[in-house]
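Quick one, fold the following:
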Amino acid sequence: MLTLIVYNLGYRIPVVFLTAYYDETTIERAKKTEPCAYLSKPFEEIDLKIAIELGIYRARLESEKEALINDLQKALSEVKTLKGFLSICSHCKKIRDDKGYWQQIEKYIHEHSEAEFSHGICQECAEKHYPDMGLYDD
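From the prediction side, this is the model:
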């Protein structure tokens, strides 16, 4: 009879079954523990060595994959996105938020994205509002 007790204490422990039992019921029970290998007796030493090395390699890859998934989930939780329909006042350019309040466009975008702002003045507005400053003279 095949019996295995593994206590998971947060460690990835590769398991290799080495047994004389290879009936269907025993193999099905072993599958539930997700072993890295199942070797039946008699066995060659090289087969056991390969099974152990592959198990350690697989455990390392799974740990790295879990770390990458955790990093990705963390990054996704911090991402702010703008999407959907935005109402913008045609006069003052404020944006109406999802609660119906009007906000300055800079504040709204700052709260819903990672964008940063610096202010400037376009040529058309400079010529219209500040014609004497010569901001865009050649």
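
list the contacts for the residue positioned nearest the centre of the chain?
In the chain, the centroid-proximal residue (CA atoms, centre = their mean) is Leu72; its distance is 1.7 Å. Under the criterion of CB atoms under 8 Å, 6 or more residues apart in numbering, Leu72 has no neighbours. Every residue, glycine included, has its C-beta placed from N, CA and C.

In three-state terms, how would it be classified?
helix (DSSP: H, G, I helix; E, B strand; the rest coil).

Also the one 5 residues further on?
Each residue gets one of three states, and Ser77 gets helix by three-state DSSP.

Just give me the neighbour total for it.
7 (other CB atoms under 10 Å).

Tell me how far it lies from Ile69.
Noted for Ser77: a distance of 13 Å to Ile69, by CB to CB, to the nearest Å.

Kindly report the same for Gln123.
Distance, Gln123 to Ile69, using CB to CB: 49 Å.
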